[in-house]
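Colleague: coords please:
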Amino acid sequence: MILGPTAVGKTEVALNLLTKIRGEIISADSRQIYREMNIGTGKPSLRIRKEFPHHLVDVISPAQIFNAAEFKRQAEEIIEKLQKEDKLPLIVGGTALYIKALIDGLFVGPGADWNLRAKLKQEAQKRGKEVLYEKLKKVDPETASWVHPNDQRRIIRALEVYYLSGRKISSFQKDSPSSLSPILIIGLRRRRESLYKLIDERVDKMIKEGLIKEVETLLRKGYDENLPSMQGLGYREILGYLKGRYSKEEAIRLVKRNTRRFSKRQLSWFRKDKRIIWLDMENYSADEAGDKIIEILKEKFPRQIEKLL
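Modeller: Below you'll find the predicted structure:
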């Protein structure tokens, strides 16, 4: 697994690694699953995906819902298939919930209480979305550390679990343990100022490539702005501009700011996992990082890795 904050260089390292070893990529990105959403999700080009097979990219339409349990189920099937073909399953992404579900399993929690959910939604409408996020920070700071303040669906679910059970959603025991064979988890990181510069450059590139037009097209096709897919980073800020809530310049500023904040939350979440072997990307090119990962694989799994080279 190659994980890390957005814009750190995960895709570049993974693609370089696949020039040195037999394997295929499984995307652990909760936004790249959507068809028709290419620029704002940083999706690899069709040319790259043809040369280096990617799984769990372009899986569903923006109107559909895809959760961590479904990601886990599909990813495990793909992993098993690739292992039978003597290929290395290379899981690449930064969606903490997907990664946690796959490598640690899922939790048992109470079922939905639709009346409670309706009350929480009404409270958010009357007093603002930030009210629910502040409540979550008080009762379950661990979950609040990685859930985006605007992700109302996950915030409401976390509050629902707490109010119904008296327990944090992050404290529940696993009901679906991971079936993965031994896994190597590589984390990529950069100094904050370096990462933030890359994030700003990536956002500028997305705007230049047509992110605004992409969002306009999605709206024209009838995708509601409140869909989870349309509330993803980059999309919700551009939607605000298109709906006349603020200027284009402000939308771009918000995309950059919110992406930087998201990267900070990603790192906070990943730092808690002591299994991660970190590579500081100031010290490595993508090619050198690929060599380093192979070196680590040889050290930890010498017999298994030999047939993949």
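Colleague: Find the nearest non-adjacent residue to Glu214, please.
Modeller: Distances taken as Cβ to Cβ, 6 or more residues apart in numbering put Ile39 closest to Glu214, at 4.9 Å, once the chain neighbours are dropped. (C-beta placed from N, C-alpha, C; glycine too.)
Colleague: That neighbour and Met206 touch, don't they?
Modeller: Yes: between Ile39 and Met206 there is a contact under Cβ atoms under 8 Å: 5.2 Å.
Colleague: Now the one residue sitting closest to the centre of the chain: closest residue in space, sequence neighbours ignored.
Modeller: Nearest residue to the geometric centre of the chain (Cα atoms, centre = their mean): Thr95, 2.3 Å. Excluding the flanking residues, the one nearest Thr95 by Cβ to Cβ, 6+ apart is Ser30, at 4.2 Å.
Colleague: repeat for Phe71
Modeller: With Cβ to Cβ, 6+ apart, the residue lying closest to Phe71 is Tyr98, at 4.7 Å.
Colleague: Check Ile60 too.
Modeller: Per Cβ to Cβ, 6+ apart, closest to Ile60 is Phe66, 5.4 Å.
Colleague: and the one you found, what is it in contact with?
Modeller: Contacts were defined as Cβ atoms under 8 Å, 6 or more residues apart in numbering; by that measure Phe66 touches 30, 33, 59-60.
Colleague: elements contacting the longest helix along the chain?
Modeller: Under DSSP state H, the helix in the chain containing the largest number of residues is helix 248-271. With contacts taken as 3 or more Cβ pairs under 8 Å, 6 or more residues apart in numbering; DSSP states H and E, helix 248-271 sits against helix 96-104, helix 192-209, helix 235-242.
Colleague: rerun at 10 Å
Modeller: When contacts are defined as 3 or more Cβ pairs under 10 Å, 6 or more residues apart in numbering; DSSP states H and E, helix 248-271 packs onto strand 2-3, helix 96-104, helix 141-144, strand 186-189, helix 192-209, helix 211-220, helix 235-242.
Colleague: Relative to Arg275, which of those is closest?
Modeller: For the helices and strands packed on helix 248-271, the distance to Arg275 is smallest for helix 96-104, at 8.3 Å, taking Cβ to Cβ.
Colleague: by how many degrees do the longest helix of the chain and helix 96-104 diverge?
Modeller: Orientation check (axes from the mean of the first three to the mean of the last three Cα atoms, to 10 degrees): helix 248-271 against helix 96-104 gives 20 degrees.
Colleague: which residues does Met230 contact?
Modeller: Taking Cβ atoms under 10 Å, 6 or more residues apart in numbering as the criterion, Met230 is in contact with 34, 37, 40, 62-63, 215, 218-219, 223-224, 236, 238-239.
Colleague: And it, how far from Ile212?
Modeller: Distance, Met230 to Ile212, using Cβ to Cβ, to the nearest Å: 14 Å.
Colleague: One more: Arg153?
Modeller: From Arg153 over to Ile212 the distance is 25 Å, taken as Cβ to Cβ.
Colleague: same question, Lys43
Modeller: Counting by Cβ to Cβ, the gap from Lys43 to Ile212 is 17 Å.
Colleague: And these two? Which one has more around it.
Modeller: Of the pair Lys43 and Ile212, Lys43 is the one with more neighbours under other Cβ atoms under 10 Å, namely 22 against 17.
Colleague: Find the nearest non-adjacent residue to the more buried one, please.
Modeller: Leaving aside its sequence neighbours, Lys43 sits nearest to Gln32 (Cβ to Cβ, 6+ apart; 5.1 Å).
Colleague: Give me the neighbour count for the one you found.
Modeller: As a burial measure, Gln32 scores 22 neighbours (other Cβ under 10 Å).
Colleague: Backbone dihedrals for it, please?
Modeller: phi -70, psi -10 (degrees, to the nearest 10).
Colleague: In contact with it, which residues?
Modeller: Residues near Gln32 by Cβ under 10 Å, 6+ apart: 38, 41-44, 54, 56-59, 92-93, 95.
Colleague: and what of Leu242?
Modeller: Listed by Cβ under 10 Å, 6+ apart, the contact set of Leu242 reads 212, 215-216, 219, 225, 248, 251.
Colleague: Cool, thanks, talk later.
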